[in-house]
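> Return a 3D structure for these sequence lines:
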Amino acid sequence: MHDHKHIYFSLCFKALLMVFVFICCIACKKNKFSISPQSHDGSTLHLNGYYFTKSARANSDSLIDILFFYANGVVLYATSNDSQLSADEADFKSGAYYQMIKNTRNYWGPYKIDGSSLYFERWNPQEFYPIHAFIANIINKEQFELVETYNIVRKKQKLKSALNDIYRFKSFALKPDSSNAFVK
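Numbering: from 1, shown residues only. Just a heads-up that it's a prediction; the model follows:
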């Protein structure tokens, strides 16, 4: 009799687990980018390089956030640090970086430009907040100021916060490929 209880409990547990996984899958599918990629001709921001900002870290190299913008409305995210930047740039040029990240969704997102405002999003590795959105003011073709960020969960904004990070342009001839399965 004890074995029957164990089997019954095991079957119930597996059934509940399958229902939970099914519900999670449905909920995740509802999380979509709030903007569609918008093609850009390079008249407002440069497309022949990347934009970057540095964040100082205690007892360490500066962390460098890198954004590649493409004519097809795709933005690619990368990070580096002062001592690793030359090696990372070599990986960008050779295609090694693209090969490493091409199937990982949190590096990719759409962007659009509306007047002097830049909007872009990316998949967030934290599943509770699946989409991370950013708003920036374009200062000129060489720089923009990131002014706000928030997360999007099922089309609702969460955890909004103000920023004042300046991104500067760096000319860079061979950018990684913009082909990906995550931004359409």
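> Excluding sequence neighbours, find me the nearest residue to the residue nearest the centre of the chain.
Central residue of the chain (C-alpha atoms, centre = their mean): Arg122, 2.9 Å from the mean position. Leaving aside its chain neighbours, Arg122 sits nearest to Gly109 (3.7 Å; criterion: C-beta to C-beta, 6 or more residues apart in numbering). In this view, the C-beta of every residue, glycine as well, is placed from N, C-alpha and C.
> if we can go back for a sec, from the chain's centre, how far out does the host helix or strand of the residue nearest to the centre of the chain sit?
Following DSSP states H and E, one finds Arg122 within strand 117-123. Remark: strand 117-123 is offset 8 Å from the chain centroid, using C-alpha atoms, centre = their mean, to the nearest Å.
> what does that strand contact?
33-35, 45, 67, 75, 77, 105-113, 130-138, 144, 152, 182 (C-beta atoms under 8 Å, 6 or more residues apart in numbering).
> Neighbouring strands of it in the sheet, and parallel or not?
Partners of strand 117-123 in the sheet, by DSSP bridges, are strand 108-114 (antiparallel), strand 131-140 (antiparallel).
> Out of these, which is closest to Ser55?
For these, the distance to Ser55 is smallest for strand 131-140, at 14.9 Å, taking C-beta to C-beta.
> Now that closest one: average pLDDT?
Averaged across strand 131-140, the pLDDT comes to 94.
> then that strand to CSV, C-alphas only?
Extracted in CSV, the C-alpha atoms of strand 131-140 (Å, rounded to 0.1, in the frame of the first residue of the first chain):
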residue,chain,number,x,y,z
ILE,A,131,12.6,42.9,-21.8
HIS,A,132,14.8,45.8,-20.8
ALA,A,133,14.0,49.1,-22.5
PHE,A,134,16.0,52.3,-22.9
ILE,A,135,15.3,55.9,-23.9
ALA,A,136,18.0,58.3,-25.0
ASN,A,137,18.3,61.9,-26.2
ILE,A,138,20.4,62.2,-29.3
ILE,A,139,22.9,65.0,-28.7
ASN,A,140,24.5,64.8,-32.2
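> what number of residues lie near Ala181?
Counted with other C-beta atoms under 10 Å, the neighbours of Ala181 add up to 9.
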